[in-house]
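S.K.: Could you look at this predicted model? Sequence included:
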Amino acid sequence: MKVLLVASTGGHLAQLVALREVWADHDRHWVTFDKADARGALEGERRTWAHHPTTRNVPNALRNLALAWRILLRERPDVVVSTGAGVAFPFFVTARLLRIRTLYLEVFDRIEHPTLTGRMCYPLADAFALQWPEQRRSYRRGVVVGRTM
């Protein structure tokens, strides 16, 4: 199975990296930002650097949308997996248009209120995983999988 793992740096990336037992045996490619934590965590992994910042930056959102098209057409993953944040949305839109399956994992530190990216990706996601039962209030069709970290 080919997996495209998409996440902002920091805690979002750390949560995907923590799921190593899930993705380690698959053909994978990463999309994140060119930051020190990403360079260290993804050493030896195939990766593409996305455009940063994404929050309220329309030019970079458009650049990441173009990047999503290029990467998804080149890599042809079976699934796109993300924990957010903003970099995830262009990849979920493009994956939906290309009929590529998507899985979104809502972050563990947002229990009472949904994240902006989670709300945006929820209608596009084929599967929506939650780390806390309380998150079901915001995401009715979400599946509680437990904490990743």
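M.R.: It's in. Note that the structure is predicted; figures quoted are calculated from it, not measured.

S.K.: if I look at residue 141, how far off is residue 67?
M.R.: Applying CB to CB, to the nearest Å, the value for residue 141 to residue 67 is 29 Å. To be clear about C-beta, it is placed using only N, CA and C from the backbone, and glycine gets the same treatment.

S.K.: likewise residue 34?
M.R.: Distance of residue 34 to residue 67, given as CB to CB: 13 Å.

S.K.: Closest to the geometric centre of the chain, which residue is that? Let me know.
M.R.: residue 82 (1.7 Å; CA atoms, centre = their mean).

S.K.: mind checking pLDDT for that one?
M.R.: In this prediction, residue 82 carries a pLDDT score of 98.

S.K.: Please state the backbone phi and psi of it?
M.R.: phi -150, psi 150 (degrees, to the nearest 10).

S.K.: Among residue 34 and residue 67, which residue is more densely surrounded?
M.R.: Applying other CB atoms under 10 Å to residue 34 and residue 67 shows that residue 67 carries more neighbours, namely 20 against 13.

S.K.: in the lengthiest helix in the chain, what's buried?
M.R.: Assignment by DSSP state H gives helix 58-75 as the longest helix of the chain. By 16 or more other CB atoms under 10 Å, the buried positions in helix 58-75 come out as 60-61, 63-64, 67-69, 71-72, 75.
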